[in-house]
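Peer 1: I need the structure of the sequence given here:
(one chain, ligands or ions: 2)
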Amino acid sequence: MAEGNYLVGVDIGSSSIKLCQLKDVRGKRTLVKFGYYPLPSQTVVDGHVMNASAIIQGLNSLWSQLKLKRKECSLAVSGHAVIIRRLALPMMTQAELAEQIPWEAEQQIPYDIKDVQIDYEVLRRRPEQGQMDVLLVAAKKEEINDAAQVAREAKLKPAVVDVDAFTVQNAFEVNYGLPREGNVALINIGAGLTTVNILSGGIPAFTRSIVNGGNAITEEIQKRLGISWEEAEVYKTHAAGGQLDARAVVPAEVPQIIRQAVEQLSAEILRSLDFYLATSGEREIGRIYLSGGTANIPEMAVALERRAKAPVEPLDPFRDIAVDPKEVNTEQLNLHRAQVCVAIGLALRKDREKV
Ligand SMILES: Nc1ncnc2c1ncn2[C@@H]1O[C@H](COP(=O)(O)OP(=O)(O)OP(=O)(O)O)[C@@H](O)[C@H]1O
Ligand SMILES: [Mg+2]
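Peer 2: Ligands and ions are numbered 1, 2, ... in the order given. Below you'll find the model as predicted:
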């Protein structure tokens, strides 16, 4: 484990901010702070911050409500802003690779290299083939700066900006360990965005963002019933077993609308899995781990399991991370359990670690 202190993990999603802080308590990673702040709709649209003041207000409110002293935080950028490529390169030294990367990036990244921040990591060396696999990540500087700027305006000190799909992977790794063999898919289905990250032999082999998520289901309910967005959200979460408004009487057609929308979403996710299988030559996805708020809809797992012919289970971010019940409102945490994987992945980051 790297030296340093845990940063405050802040996931600014399009529907809400999720905040997690970890601490090692008697050698066990423990959640000691959890915060959830719903954002008004249209705060983040297509990955762009449209209403910075709503986010700043949310961050300030979380910091004072949770009495957080630490200002150093880690943030995520979403798939909108990131391009991830896996490259097979001839074996070379780190120094040679450092020289080669900008050239590779020119070839692989459809943006001006000046506008992106490049990061890379050697995933695996395969001396027998004379090759090595390298993960190339390019994130748009503008979007990294936007995220960091909002945090700075809220008087925070952003120390790390991570890629959302990899934060979920980090949350998975500390809780489950990385499987040495086979393929597992980590799928985070949020409000506006779904990220798919397939690990093959424990190494990210395929990462894709799909601009679709729970919002599409809410929109469908809104449109079909001619009601407001807020009402449609309540119906959706209530029909899915959520506890947002136990008094709401859900119209009879809602479950059917949800099922149809879920079918569409799962079909789109399956296309990514099929694409991976077709291009990698791998035979099957062994298991799917679901996270994100939309994973709360039971039909989601059922539809994916049927289509992908692979067992689907929720990614439990607290399988191997303890929760301090004296510090954390466990009822609130359980309500948002599916939504905290990105924030947990971010909260695992430490300052003074090499980024
Ligand atoms: N119990 C529930 N039943 C059905 N849907 C739910 C439930 N809880 C949350 N959701 C849906 O999950 C979505 C929010 O999930 P999440 O917090 O993962 O998204 P986000 O991080 O804010 O957004 P994104 O990452 O897409 O920008 C919303 O569409 C919300 O309606
Ligand atoms: Mg999210």
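Peer 1: Now do the buried residues in stretch 287-299.
Peer 2: For stretch 287-299, burial by neighbour count (16 or more other C-beta atoms under 10 Å) applies to 287-297, 299. Just so you know, the C-beta spots here come from the backbone N, C-alpha and C atoms, and that holds for glycine as well.
Peer 1: which one of these is nearest ligand 2?
Peer 2: The nearest member of the buried residues of stretch 287-299 to ligand 2, counting by C-beta to the ion, is Gly292 at 6.1 Å.
Peer 1: Tell me who's in contact with the closest one.
Peer 2: 187-190, 194, 213-214, 338-339, 341 (C-beta atoms under 8 Å, 6 or more residues apart in numbering).
Peer 1: got it, and Lys155?
Peer 2: Residues in contact with Lys155 (C-beta under 8 Å, 6+ apart) are 60, 71.
Peer 1: rerun that using 10 Å as the cut-off
Peer 2: 56, 59-60, 63, 71 (C-beta atoms under 10 Å, 6 or more residues apart in numbering).
Peer 1: for Leu290, same thing?
Peer 2: When contacts are taken as C-beta under 10 Å, 6+ apart, Leu290 is in contact with 185-189, 269, 296-297, 300-301, 304-305, 312-315, 338, 341.
Peer 1: what about it, which helix or strand?
Peer 2: Using DSSP states H and E, Leu290 falls within strand 287-291.
Peer 1: Does anything pack onto the helix or strand in which Ser64 is found? Which helices or strands?
Peer 2: Assigning secondary structure by DSSP H and E places Ser64 in helix 52-65. The contact analysis (3 or more C-beta pairs under 10 Å, 6 or more residues apart in numbering; DSSP states H and E) places helix 52-65 against strand 8-12, strand 16-25, strand 28-38, strand 44-45, helix 141-153.
Peer 1: go with 7 Å
Peer 2: Helix 52-65 is packed against strand 16-25, strand 28-38, helix 141-153, with contacts defined by 3 or more C-beta pairs under 7 Å, 6 or more residues apart in numbering; DSSP states H and E.
Peer 1: Can you add distance to ligand 1 and give those back as JSON lines?
Peer 2: Formatted as JSON lines, these follow (distance: least, C-beta to the nearest ligand atom, whole Å):
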{"stretch": "strand 16-25", "distance to ligand 1": "5"}
{"stretch": "strand 28-38", "distance to ligand 1": "9"}
{"stretch": "helix 141-153", "distance to ligand 1": "12"}
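Peer 1: Would you format the ones you listed as JSON lines with mean pLDDT included?
Peer 2: Below are those laid out as JSON lines (pLDDT from 0 to 100):
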{"stretch": "strand 16-25", "mean pLDDT": "97"}
{"stretch": "strand 28-38", "mean pLDDT": "98"}
{"stretch": "helix 141-153", "mean pLDDT": "93"}
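Peer 1: Including distance to Val160, could the ones you listed go into CSV?
Peer 2: Converted to CSV, the helices and strands packed on helix 52-65 look like this (distance: least, C-beta to C-beta, whole Å):
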stretch, distance to Val160
strand 16-25, 14
strand 28-38, 17
helix 141-153, 10
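Peer 1: Using CSV, list the CA coordinates for stretch 343-351.
Peer 2: Coordinates of the C-alpha atoms in stretch 343-351 are reproduced here as CSV (Å, rounded to 0.1, in the frame of the first residue of the first chain):
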residue,chain,number,x,y,z
ALA,A,343,-16.6,7.2,-4.3
ILE,A,344,-15.0,4.1,-2.5
GLY,A,345,-12.6,3.7,-5.4
LEU,A,346,-11.7,7.4,-5.0
ALA,A,347,-11.4,7.1,-1.2
LEU,A,348,-8.8,4.4,-1.6
ARG,A,349,-6.4,6.9,-3.1
LYS,A,350,-3.8,8.5,-0.9
ASP,A,351,-1.8,11.6,-1.0
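Peer 1: and the next element down the chain from the strand holding Leu290?
Peer 2: helix 298-308.
Peer 1: pLDDT on that next one, on average?
Peer 2: The average pLDDT for helix 298-308 rounds to 96.
Peer 1: now swap in stretch 190-210 and tell me
Peer 2: Averaging pLDDT along stretch 190-210 gives 95.
Peer 1: repeat for stretch 39-50
Peer 2: Throughout stretch 39-50, pLDDT has a mean value of 88.
Peer 1: That one near ligand 2 at all?
Peer 2: No. On the criterion C-beta under 5 Å from the ion, stretch 39-50 is out of touch with ligand 2, staying 9.7 Å away.
Peer 1: Same question for stretch 189-206.
Peer 2: Yes. Shown here: stretch 189-206 in contact with ligand 2 (C-beta under 5 Å from the ion) through Gly190.
Peer 1: Which positions in the stretch 51-200 of the chain make contact with ligand 2?
Peer 2: Gly190.
Peer 1: residue in the stretch 51-200 of the chain nearest to ligand 1?
Peer 2: Distances between the stretch 51-200 of the chain and ligand 1 by C-beta to the nearest ligand atom are smallest at Gly190, namely 2.6 Å.
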